[in-house]
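Student: would you be able to build a 3D model of this:
(chains A and B)
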There are 2 protein chains.
Amino acid sequence: MKIAIVGCGVVGSSWSLVFARAGHDLAIYDRTPAAAEAALAFVSAADAALATRCRIATSLADALAGADYVQESAPERLPIKQALYREMDALLAPTTIVGSSTSGFPASVFTEGLANAARCLVAHPINPPHLIPLVELIPAPWTATETLDFTRELMAGVGQSPITLTREINGFVVNRLQSALLGEAFRLVEDGICTPAEVDAAVADGLGLRWCFMGPFATIDLNAANGVAEYCANLGPMYYGLAKEQADPREWTPELVSTIEAKMRADVPAEDLAARRKWRDGFLAAIVDAKRDITGKLGA
Amino acid sequence: MKIAIVGCGVVGSSWSLVFARAGHDLAIYDRTPAAAEAALAFVSAADAALATRCRIATSLADALAGADYVQESAPERLPIKQALYREMDALLAPTTIVGSSTSGFPASVFTEGLANAARCLVAHPINPPHLIPLVELIPAPWTATETLDFTRELMAGVGQSPITLTREINGFVVNRLQSALLGEAFRLVEDGICTPAEVDAAVADGLGLRWCFMGPFATIDLNAANGVAEYCANLGPMYYGLAKEQADPREWTPELVSTIEAKMRADVPAEDLAARRKWRDGFLAAIVDAKRDITGKLGA
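Tutor: Numbering: from 1, shown residues only, chains lettered A, B, ... in the order given. As a prediction, this is how the structure comes out:
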């Protein structure tokens, strides 16, 4: 299949590797040619043989020509997205599907009124998609069912794990789940219950060890002898009580953020952040490999 | 050190292995002698050599005699805990520390007025503690600082990851974090945004892959070039908007629970739950091993 990568920052580069390693042919485009070159270099660094499947497109029209699917990863600023989609709309073949990597905008705000709007949707990855398989697909009200079906199959075919939201919602699913956890994390620190490092330990040495291979429903389903209904009967009232306490939205005040920043910088000084990011990427890659091996042995 | 295990269900048995494999001497007690025998068998099955460090106590008094630390894992019913702590109070040496595995009760409700109350606290594991290192330590208002310090050192010494709450709070930290995530998970399903399996994928194939080795603060700290303060400046308003939408506590209605139960049972029929639990334990053990290996190579 012919895939166009439009926008070659960290996300677009990672997407290039996802599609190239799955055997697709890529046209890679960025308004800044050096960014497209960097994306190609990123793919080649992972596997030099993949570069033969990739070409640098010389223009947006060149990138879109003959594309079956476009993964758009332009900067997260609405005027940029809107202008880009208007420009693409004049160039797209009537069969090309366009997925946006946006984490912040529903497709309706940058595809409304476009001739090709029915073939546009959000295909939001968790960064970096070449390591983290989850992709959430979010249709605009006018996105065609065929567009969703095509993109879901494409994503599953390249080894990603697509989920499909029924409609646009602020934060989509991933950031809503993260928001819920972060809200309580900040609340616990603000209320002096424990430190950020202790919240992190509660997740990394505790809850997260199951969550990396079972989601929250699968987890509670196995935590009562007869499954989730029994779990809810036993613990629903407790969780409802907690939910009422947690219905307490708070802004992250400058004072609270300063406190957290000071504690984080005590653990990882600012000059070590880049190295720490490399450590994270290495750890993440190793965990994903390990999970694949374990799944191969024990099943999913 | 001499450790008494009081209460030998799944949690007490797992605790027995934690302390025995760390080289401590165990007195294992349950009102039902067969349960204590089962805990000993669980330890032996993991490593037959460890059994030499364990003895079955013939009475509560026998279990507590000479104990430096008691890990209490009695059933989660308040009258049982209260009666047990009164009974222990008459038997404890004036130096013995008692940690309760309770997930639901603060120590203040079963230790108030006891002679030994200053040496009692909650030491709540995530089940099973021989695989999941996190333990949250929660003092009652009268728990002595020395009690907390002793238990924190003991837990770290046996390879657990202790966090210390400054005071009692409903749900402690772990279940408050889980509550926040579950609340949003149920809300997404109830509102028809996606299925339970899709929420599970969003975590297991997405967020959880980082959360198994980095907590939520460490995650966002590396998601902006200059750290958490920059992240909060950029995204704080977005998260505050989501938090306001999520300040919507809902009971888990019978209708919603039935819907979720039906979907979960379609994936894992009731007769397969026990086998699925074995799969989980095997996967969890393998992930914990893999994480240990990766940490050995890349650092924590």
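Student: mind listing the helices for the stretch 1-150 of chain A?
Tutor: Secondary structure of the stretch 1-150 of chain A (DSSP state H, counting those that start in this stretch): helices located at A:10-21, A:33-46, A:60-64, A:78-89, A:108-111, A:145-157.
Student: ignore the last one, the stretch 151-300 of chain A
Tutor: So, for the stretch 151-300 of chain A - with DSSP H, counting those that start in this stretch - the helices run A:174-190, A:196-202, A:208-211, A:216-221, A:228-246, A:254-267, A:273-298.
Student: closest to residue B:156 out of those helices?
Tutor: Nearest to residue B:156 among the helices of the stretch 151-300 of chain A is helix A:196-202 (11.3 Å), distances taken as CB to CB. No exception for glycine: its C-beta is placed from N, CA and C like everyone else's.
Student: which elements pack onto that closest one?
Tutor: With contacts defined as 3 or more CB pairs under 8 Å, 6 or more residues apart in numbering or on different chains; DSSP states H and E, helix A:196-202 has these neighbours: helix A:174-190, helix A:254-267, strand B:134-139, strand B:161-164, helix B:174-190, helix B:216-221.
Student: make it 7 Å
Tutor: helix A:174-190, helix A:254-267, strand B:134-139, strand B:161-164, helix B:216-221 (3 or more CB pairs under 7 Å, 6 or more residues apart in numbering or on different chains; DSSP states H and E).
Student: using JSON lines, please lay out these together with distance to residue A:77.
Tutor: Compiled in JSON lines, those are given as follows (distance: least, CB to CB, whole Å):
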{"stretch": "helix A:174-190", "distance to residue A:77": "18"}
{"stretch": "helix A:254-267", "distance to residue A:77": "23"}
{"stretch": "strand B:134-139", "distance to residue A:77": "40"}
{"stretch": "strand B:161-164", "distance to residue A:77": "40"}
{"stretch": "helix B:216-221", "distance to residue A:77": "21"}
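Student: right, so of these, which gets closest to residue B:197?
Tutor: The nearest among the helices and strands packed on helix A:196-202, by CB to CB, is helix A:174-190 at 14.3 Å.
Student: enumerate the positions of that closest one that are buried.
Tutor: By 16 or more other CB atoms under 10 Å in any protein chain shown, the buried positions in helix A:174-190 come out as A:174-189.
Student: swap in stretch A:96-108?
Tutor: Neighbour-count burial for stretch A:96-108 flags A:96-108 (criterion: 16+ other CB under 10 Å).
Student: identify the farthest-apart pair in those residues.
Tutor: Maximum pairwise distance among these (CB to CB): 23.7 Å, between A:96 and A:104.
Student: domains in chain A, by residue range?
Tutor: Listed domain ranges for chain A are A:2-164, A:173-267 (source: the TED database).
Student: run through the residues that contact the closest residue to residue A:187 other than its chain neighbours.
Tutor: In this structure, residue A:187 finds its nearest non-sequential neighbour in residue A:250, 6.4 Å apart by CB to CB, 6 or more residues apart in numbering or on different chains. Residues near residue A:250 by CB atoms under 7 Å, 6 or more residues apart in numbering or on different chains: A:186, A:187, A:190, B:243.
Student: could you identify the most distant pair in these?
Tutor: The span of these, defined through CB to CB, is set by A:190 and B:243 at 12.7 Å.
Student: what's opposite the residue in the stretch 1-150 of chain A positioned nearest to chain B in the beta bridge?
Tutor: Here the stretch 1-150 of chain A gets closest to chain B at one residue, residue A:134, 3.1 Å apart by CB to the nearest CB. Beta bridges link residue A:134 to residue A:161 when assigned by DSSP bridges.
Student: correct me, but it touches residue B:206?
Tutor: Yes. Between residue A:134 and residue B:206 there is a contact under CB atoms under 7 Å: 3.1 Å.
Student: so what sits against both of these two?
Tutor: With CB under 7 Å, 6+ apart as the test, residue A:134 and residue B:206 both reach A:126, A:174.
Student: touching chain B at all, stretch A:112-127?
Tutor: Yes. Between stretch A:112-127 and chain B, judged by CB under 7 Å from any CB of the partner chain, the touching residues are residue A:126.
Student: quick one: end-to-end distance for that stretch.
Tutor: 27 Å (CA to CA, to the nearest Å).
Student: nearest to chain B within the stretch 201-300 of chain A, name that residue for me.
Tutor: residue A:215 (2.5 Å).
Student: correct me, but that residue touches residue B:203?
Tutor: Yes. If you go by CB under 7 Å, residue A:215 and residue B:203 touch, sitting 4.1 Å apart.
Student: tell me the bridge partners for the residue nearest to residue A:6 when sequence neighbours are not counted.
Tutor: Residue nearest to residue A:6 in three dimensions, not counting chain neighbours: residue A:72, with 4.7 Å by CB to CB, 6+ apart. Beta-bridge pairing for residue A:72 (DSSP bridges): residue A:6, residue A:100.
Student: measure residue A:72 to residue A:190 for me?
Tutor: Applying CB to CB, to the nearest Å, the value for residue A:72 to residue A:190 is 38 Å.
Student: then residue A:240?
Tutor: Between residue A:240 and residue A:190 the computed distance is 23 Å (CB to CB).
Student: of residue A:215 and residue B:203, who's got more company?
Tutor: Shown here are residue A:215 and residue B:203; by other CB atoms under 10 Å in any protein chain shown, residue B:203 has more neighbours (31 against 27).
Student: surely that one meets residue A:214?
Tutor: No. Assessed by CB under 7 Å, residue B:203 is found out of contact with residue A:214, at 8.0 Å.
Student: hmm, back to that, and the residue of the stretch 1-150 of chain A closest to chain B, how many neighbours?
Tutor: 25.
Student: mind listing what it touches?
Tutor: Contacts of residue A:134 (CB under 7 Å, 6+ apart): A:126, A:161, A:174, B:201, B:202, B:205, B:206.
Student: try 6 Å this time
Tutor: Residues in contact with residue A:134 (CB atoms under 6 Å, 6 or more residues apart in numbering or on different chains) are A:126, A:161, B:202, B:205, B:206.
Student: what separates it from residue B:72, distance-wise?
Tutor: 40 Å.
Student: tell me who's in contact with the residue nearest to residue A:6.
Tutor: Counting by CB under 6 Å, 6+ apart, residue A:72 touches A:6, A:7, A:100.
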